[in-house]
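Engineer: quick one, fold the following:
(2 chains)
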2 protein chains.
Amino acid sequence: MEEMPPGIRFYPTEEELVSFYLHNKLQHKNNDINRVIPLLDVYKHEPWQLPKHCGELCHGDSEQWFFFMPRQEREVRGGRPSRTTASGYWKATGSPGYVYSSDGKVIGVKKSMVFYQGKAPTGRKTKWKMNEYRAIEQDLSTSTPMLRHELSLCRVYVVSGSFRAFDRRPIHATESSSNGNINITQKTDN
Amino acid sequence: MEEMPPGIRFYPTEEELVSFYLHNKLQHKNNDINRVIPLLDVYKHEPWQLPKHCGELCHGDSEQWFFFMPRQEREVRGGRPSRTTASGYWKATGSPGYVYSSDGKVIGVKKSMVFYQGKAPTGRKTKWKMNEYRAIEQDLSTSTPMLRHELSLCRVYVVSGSFRAFDRRPIHATESSSNGNINITQKTDN
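Structural biologist: Coordinates of the predicted model:
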């Protein structure tokens, strides 16, 4: 990946995450997937420690990082998952939603979370966010849609000042743009 | 590029567009750049004809396409550029803005435009938009910032329903999510 031209990056859609990465990981296909999205117990780390564990396609990325996460033991035994780290906790925001394929089929569910520093319920909201995806797959014998919760895929990200990654700019640049006193000479030769 | 894993795409930042692509093109360096961003007189085509002219890294992309555009002859002679096509016209939206490097330096200017169908000023706004970038570079002998307007870089894009490409979903999926009657069986075996 080192010789790729600038601007080429891992920027998957939700459909690609669920239909390709999560699906193939659940099917134990294609072990190269771990180089793109490694397996990690996300909740055992502080959010700002996560970027250094990311896959090789995200190295150098400053916005989002992807991980597969095994189901917690306590959840397997019927309990609720623990989303508390040493310094804070992840808290759900909004209701879980569905993930759609481009032909409009439901292929997964998605939970969105925000990281709070401190102890619940008085923690301080941070800029660290997460989407946790689980796949919904047809049971081949009964055609029933099944929620595969033995493994999830997490997208950890920080909220930038801009809506779209494309427009991102340094925070201090926004300030300097407001005085706008830049003296530019028009080039007159062709 | 054919064997790349899903989710790898040309998704450059403005800084990469201006500092790498536009800069190297102006310096006549690296002819491979044309394979990524071809030279095209964008205003000679209807917007919906542009995707088929895009570079090989954007093939299959349904959101944005990049082109280098030579300065129009009439502009070289001191006139205003013509932004009229057979079926409509491009019209500026908002004021031109600056493009910043990640260390906060001004490296370019950016004009945003929307395509209207019909005759000005009564055309009908479409979903086709464009950012046109020009580089600002230091004159090496005088250190004066110079606007390089002999060549610009255009990003043509269509506005999707979602703020971020990441979350994009088919339009009819948004409708089916509102009734939400999907029957999912929880998988109980591990």
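Engineer: how about the contacts made by residue A:38?
Structural biologist: A:53, A:54, A:55, A:67, A:68 (Cβ atoms under 8 Å, 6 or more residues apart in numbering or on different chains). (Each C-beta comes from the backbone N, C-alpha and C, glycine too.)
Engineer: out of those residues, which are inside strands?
Structural biologist: Within these, residues falling in strands by DSSP state E are A:67, A:68.
Engineer: nearest to residue A:123, of the contacts of residue A:38?
Structural biologist: residue A:67 (22.3 Å; Cβ to Cβ).
Engineer: so that closest one sits against residue A:36, correct?
Structural biologist: No: judged on Cβ atoms under 8 Å, residue A:67 makes no contact with residue A:36 at a distance of 10.7 Å.
Engineer: host element of the spatially most central residue of chain A?
Structural biologist: Chain A has residue A:155 as the residue nearest its centroid, 1.2 Å off, counting by Cα atoms, centre = their mean. If you go by DSSP states H and E, residue A:155 is part of strand A:145-158.
Engineer: could you export the strand or helix carrying residue A:111 as CSV, CA atoms only?
Structural biologist: Element membership of residue A:111, judged by DSSP H and E, is strand A:106-117. Below are the C-alpha coordinates for strand A:106-117, written out as CSV (Å, rounded to 0.1, in the frame of the first residue of the first chain):
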residue,chain,number,x,y,z
VAL,A,106,-31.5,-5.1,5.6
ILE,A,107,-28.0,-6.6,6.2
GLY,A,108,-27.2,-5.6,9.7
VAL,A,109,-27.9,-3.5,12.8
LYS,A,110,-25.9,-0.6,14.1
LYS,A,111,-25.4,0.9,17.5
SER,A,112,-23.9,4.4,18.0
MET,A,113,-22.0,5.3,21.1
VAL,A,114,-20.2,8.2,22.6
PHE,A,115,-17.3,8.0,25.1
TYR,A,116,-17.7,9.8,28.4
GLN,A,117,-14.8,10.5,30.7
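Engineer: could I get the average pLDDT for whatever helix or strand comes next after that strand?
Structural biologist: Using DSSP H and E, the helix or strand that follows strand A:106-117 in sequence is strand A:124-138. Regarding strand A:124-138, the rounded mean pLDDT is 94.
Engineer: hey, C-alpha coordinates of strand A:124-138 in CSV?
Structural biologist: C-alpha atoms of strand A:124-138 as CSV (Å, rounded to 0.1, in the frame of the first residue of the first chain):
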residue,chain,number,x,y,z
ARG,A,124,-18.0,14.4,30.5
LYS,A,125,-18.8,13.7,26.8
THR,A,126,-15.7,13.4,24.6
LYS,A,127,-15.2,13.7,20.8
TRP,A,128,-14.7,9.9,20.6
LYS,A,129,-17.5,8.0,18.9
MET,A,130,-18.2,4.5,17.8
ASN,A,131,-20.6,2.6,15.5
GLU,A,132,-20.9,-1.1,16.4
TYR,A,133,-22.2,-3.3,13.6
ARG,A,134,-23.7,-6.8,13.7
ALA,A,135,-24.6,-8.8,10.7
ILE,A,136,-28.0,-10.1,9.8
GLU,A,137,-27.7,-13.2,7.7
GLN,A,138,-30.2,-15.6,6.3
